[in-house]
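*Asks:* Show me the folded form of this:
(2 chains)
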Amino acid sequence: MSAGDAKRILLQRGITVSRKSTFVLVVLSIAKVIVGLLSGSIALLADAAHTIMDIAGSVIVWLGLRLSLRKPTDLFPYGFYRAESVCALIVCIIMIFTGAEILLDSLERFYVPSVISFRPVVIVVAVGSGLVSYFLARYKERAGREISSQGLRIESRHSFADVLNSGLVCGSVFFTYLGVSWVEPLAAVIISAFIFWAALTFGKDSVFSLMDVSPKPAMRKAIEDTILGTPEVRGVHALKVRRSGPFIFVEAHVEVDGRRTSLEKAHAIADEVEDRVQEKFKEVDSTTIHVGIHEKHS
Amino acid sequence: MCTEEKIQLLGKGARAAKTSTYVTTALTGIKVVAGLLSGSIALLADAVHSLSDIFTSLAVWLGMKLSQRKPSERFSYGFYRVETLAFMIVAIVVATSGFQVLLTSFNRIVNPSAVAFAPATLTVAAISSLVSYLLYRFKSRVGSETNSQALQGEAKHSLIDVLSSALVFGAILIHYAGLPWAEGIAGVLIGLLTIRLGLGMGKDAVLVLLDACLRPELISQMKSIAAEVNGVRGVHEIKVRRSGPFIFAEMHVEVDRAMRMDEADAISGAIEERIRGSIGEVDSLMLHVEPSKKDVYRIAIPVEEDKGLHSRVSYHFGKSPYFILIDLHEDGLRSWLVVENHGARIERKRGIEAARLLVQHKVDALVAREVGEGPYHVLRDSSVQLFDLGEESELGHVLDAFSRKELRSLTYAKEAG
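*Replies:* Residues are numbered from 1 along each chain as shown, chains lettered A, B, ... in the order given. From the prediction side, this is the model:
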């Protein structure tokens, strides 16, 4: 199996996860619409409208991963891995809007406490939706970590925010019953803070990735050591490492001894360096090596 | 362009965006004051809209300031991309404001509003549209000088403001003409135009962020620059991407496999110098020099007759009736073919014709006794190596001498035919 196949399998797994997640969300929102219409609960219908945002996020990540699979073209010589980061950024922007909406809503409710309907059906749907979102969040987080997909991981936070929201619906019933009206808006403020935090953390990650950020310094160092550990390599400079979606591109100038060394030998050394880096770091997609002459410093 | 010049260029862009930020802030201030004094709601609403102008100018200013930072370990390609991100912010704001204009104008078609004739509103609208026009000219000029997409986008944003301010005057004319819905329609058109502009800029920004190669002509330009350097056998895998106003490129260069490191180094140095010399915006350039992948080496030798490997060698070049092309395969096998030299029968420039024939057949080396100056250059330009045949007359001996690397290299003779 070639390295390219391994990457396709990883991306394919991400696509499956995001497709399943989209499907589950669609079923969930249809269920909410039906129950909402049957019971006449406006709250449930509003919640169904919110789930449509979740579906949008899920679909965007799915599209991003699907695009990433495409082979490089003339217009996109580096391939499409970056699509994943752009999609993650879009989901972050959607989340910031959602968070802002919840925040404004809850601030209003400090003054005008909402009238909570005690319909058991709303509670049942909220609990069910919360459970489903919780499993989706776990599922996406695990897969997202495995294939280091920012899109899936931010989607997992998105689902987790839904869990909190469903919890809020149940909690508000309880607190209204007790006659405490400020707990619900306060909880909503905390939830929106969580959403902002998640969106900004992952937003920063995607923005950095779009800015050609290098992976963690430890990994950079490990790549440098791997290059230097290749026989006959005397030095390395201009090492450039950058993220592109879930993968990593490496460029380096490698120094070898001797002005009279044959190019064939130097090239064999460069090939060896590329093989070693790609062998050791599975997430490295391409390695470009320029071989130069090692100038002896006396 | 050296790093210093690049930073200066970005600094120039940042200063332009700074000026624009100050000017739009002042303009907004005037609108607020005039609005409060005259009690015109339209002016106050316009002032709120100007906030988006301040915001985008500020984003471009900060973006171009940040892009001047030196590359770090964490950002080994530098920070030029921040400029692209600022461009994306401008695009999002422009598209959103277009949407807003569209909605308000749509409302006005449904409920035509009374037009305010306040002289204050008119004066401010006139100033605002003049200032926006000057800002548009200024940012557009600096934007193309610094090759900054963000500044150019900002310039278009100002142009939209010119249109919106002009609409205030238009509204009055329309009012006199007695067409209350026309203002709304004009607003809808401006809104649609703005949305289209914003989406177009957004697409450009996203393409850059996706590492798209937006200027394919650069690839062919780099290819021909590299191919002109002597000793280059081929070029492939040229990749070009944009980061802010600059270009990152990489390319694989094939050279003769028998080269030594210092020769290969000189070639990559020459390519780099020429590319940087003719494409100023190139920042990071990665050349991967490799031995030519060709595993067949094709030698051409002029012969008197078409008798395969038993043909008699010809001492002429242009006048020789045939050439035998011998392919030396990597595994030691040899194959051959004989081509007729049609040029032998013409009177003038026979040598050039013969040389072209050989280049057409992708010959790697020519072994001949003599060659004229014209054909010599034709062959060298296509990286064909030339060897001296000497007194040898038998093909077999020539090939043996060639594989033992005993042949001397050949230069052109002044009076060769």
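*Asks:* can you list the weak-confidence ranges in the chain?
*Replies:* No chain was given, so I picked chain A. A:1-4, A:113-118, A:296-298 (pLDDT under 70).
*Asks:* my bad, the chain I had in mind was chain B
*Replies:* Within chain B, the segments meeting pLDDT under 70 span B:1, B:112-118, B:293-295, B:330-331, B:383, B:414-417.
*Asks:* residue ranges for the helices of it, please.
*Replies:* For chain B, the helices defined by DSSP state H occupy B:3-38, B:41-66, B:81-110, B:119-145, B:149-177, B:182-209, B:216-228, B:261-278, B:350-360, B:373-381, B:395-403.
*Asks:* could I get the ones you listed as CSV with distance to A:Leu131 and mean neighbour count?
*Replies:* For the C-beta atoms, the positions are set from N, CA and C on the backbone; glycine is no exception. Converted to CSV, the helices of chain B look like this (distance: least, CB to CB, whole Å; neighbours: other CB atoms under 10 Å in any protein chain shown):
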stretch, distance to A:Leu131, mean neighbour count
helix B:3-38, 50, 18
helix B:41-66, 42, 20
helix B:81-110, 36, 20
helix B:119-145, 54, 18
helix B:149-177, 46, 21
helix B:182-209, 37, 19
helix B:216-228, 52, 16
helix B:261-278, 60, 17
helix B:350-360, 73, 20
helix B:373-381, 74, 19
helix B:395-403, 78, 16
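*Asks:* could those helices be laid out in TSV, adding distance to B:Ile238?
*Replies:* Converted to TSV, the helices of chain B look like this (distance: least, CB to CB, whole Å):
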stretch	distance to B:Ile238
helix B:3-38	22
helix B:41-66	29
helix B:81-110	21
helix B:119-145	26
helix B:149-177	22
helix B:182-209	18
helix B:216-228	5
helix B:261-278	10
helix B:350-360	23
helix B:373-381	21
helix B:395-403	34
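*Asks:* Switch the ones you listed over to TSV; also include distance to chain A.
*Replies:* Shown next, in TSV, are the helices of chain B (distance: least, CB to the nearest CB, whole Å):
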stretch	distance to chain A
helix B:3-38	14
helix B:41-66	10
helix B:81-110	4
helix B:119-145	21
helix B:149-177	14
helix B:182-209	5
helix B:216-228	7
helix B:261-278	4
helix B:350-360	24
helix B:373-381	20
helix B:395-403	17
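*Asks:* List just the one of those that sits closest to A:Leu152.
*Replies:* With CB to CB as the criterion, A:Leu152 lies closest to helix B:182-209 of the helices of chain B, at 19.6 Å.
*Asks:* How about the contacts made by the nearest residue to A:Tyr81 once chain neighbours are set aside?
*Replies:* Using CB to CB, 6 or more residues apart in numbering or on different chains and skipping the chain neighbours, the partner closest in space to A:Tyr81 is A:Gly245 (3.2 Å). The contact partners of A:Gly245, by CB atoms under 8 Å, 6 or more residues apart in numbering or on different chains, come to A:68, A:80-85, A:149-150, A:209.
*Asks:* Those residues in helices, which ones?
*Replies:* Reading helices off these with DSSP H, I get A:68, A:82-85, A:150, A:209.
*Asks:* Show the buried residues in those.
*Replies:* Buried members of these, scored by 16 or more other CB atoms under 10 Å in any protein chain shown, are A:68, A:82-85, A:150, A:209.
*Asks:* could you pick out which of these are near chain B?
*Replies:* A:82-83, A:85 (CB under 8 Å from any CB of the partner chain).
*Asks:* Just give me the closest of the contacts of A:Gly245 to B:Val363.
*Replies:* For these, the nearest to B:Val363 is A:Phe80 (40.8 Å; CB to CB).
*Asks:* what's the angle between whichever strand or helix holds A:Asp271 and helix B:261-278?
*Replies:* Under the criterion of DSSP states H and E, A:Asp271 resides in helix A:263-280. Interaxial angle of helix A:263-280 relative to helix B:261-278 (axes from the mean of the first three to the mean of the last three CA atoms, to 10 degrees): 70 degrees.
*Asks:* Show the subsequent helix or strand relative to helix A:263-280.
*Replies:* strand A:284-293.
*Asks:* packing partners for that following strand?
*Replies:* strand A:247-256, helix A:263-280, helix B:261-278, strand B:282-291 (3 or more CB pairs under 8 Å, 6 or more residues apart in numbering or on different chains; DSSP states H and E).
*Asks:* Wait, B:Ala59 touches B:Ile92, no?
*Replies:* No: shown here, B:Ala59 and B:Ile92 do not form a contact pair, counting by CB atoms under 8 Å, at 9.9 Å.
*Asks:* related to what we said a few turns ago, in the helix holding A:Asp271, what counts as buried?
*Replies:* Along helix A:263-280, the positions that meet the burial threshold by neighbour count (16+ other CB under 10 Å) are A:263, A:265-267, A:269-270, A:272-274, A:276-278.
*Asks:* so B:Phe106 makes contact with B:Gly184?
*Replies:* Yes: using CB under 8 Å, B:Phe106 makes contact with B:Gly184 at a distance of 6.9 Å.
*Asks:* which non-adjacent residue is nearest A:Asp47?
*Replies:* That would be A:Lys32: by CB to CB, 6+ apart, it lies 5.7 Å from A:Asp47.
*Asks:* by how many degrees do the strand or helix carrying the one you found and strand A:284-293 diverge?
*Replies:* Secondary structure assignment for A:Lys32, by DSSP H and E: helix A:3-39. With the same axes, to 10 degrees as the basis, helix A:3-39 and strand A:284-293 are set at 150 degrees to each other.
*Asks:* Counting neighbours, which bits of helix A:3-39 end up buried?
*Replies:* Quick answer for helix A:3-39 (16+ other CB under 10 Å): A:7, A:10-11, A:13-15, A:17-22, A:24-26, A:28-29, A:31-33, A:35-36, A:39.
*Asks:* and the two most separated of the buried residues of helix A:263-280?
*Replies:* Longest span within the buried residues of helix A:263-280, CB to CB: A:Leu263 and A:Gln278, 21.9 Å.
*Asks:* Looking at the chain, which strand is longest?
*Replies:* All of this refers to chain A. Identified as the longest strand of chain A according to DSSP state E is strand A:233-244.
*Asks:* The intended chain is chain B.
*Replies:* strand B:232-243.
*Asks:* hang on, isn't A:Gly64 packed against A:Val86?
*Replies:* Yes: contact criterion CB under 8 Å: A:Gly64 and A:Val86 qualify, at 6.9 Å.
*Asks:* Identify the contacts common to the two.
*Replies:* With CB under 8 Å, 6+ apart, A:Gly64 and A:Val86 have no common neighbours.
*Asks:* For the two, indicate the residue with more neighbours.
*Replies:* Between A:Gly64 and A:Val86, counted using other CB atoms under 10 Å in any protein chain shown, the more crowded position is A:Gly64 (29 against 22).
*Asks:* can you pull the contacts of that one?
*Replies:* A:83-84, A:86-88, A:151.
*Asks:* residues touching B:Ser57, list them.
*Replies:* Counting by CB under 8 Å, 6+ apart, B:Ser57 touches B:17, B:20-21, B:24, B:154.
*Asks:* Could you save these as a markdown table and add columns showing distance to A:Gly258?
*Replies:* Putting the contacts of B:Ser57 into a markdown table (distance: CB to CB, whole Å) gives the following:
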| residue | distance to A:Gly258 |
| --- | --- |
| B:Ala17 | 51 |
| B:Ser20 | 56 |
| B:Thr21 | 56 |
| B:Thr24 | 61 |
| B:Glu154 | 53 |
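*Asks:* For the stretch 151-298 of chain A, what lies in contact range of chain B?
*Replies:* So the stretch 151-298 of chain A meets chain B at A:207, A:210-214, A:217, A:220, A:239-242, A:244, A:251, A:256, A:258-264, A:266-267, A:270, A:288-293 (CB under 8 Å from any CB).
*Asks:* what do you get if the cut-off is 7 Å, keeping everything else the same?
*Replies:* Proximity of the stretch 151-298 of chain A to chain B, by CB under 7 Å from any CB of the partner chain, involves residues A:207, A:210-214, A:217, A:220, A:240-242, A:251, A:258-264, A:266-267, A:288-290, A:292-293.
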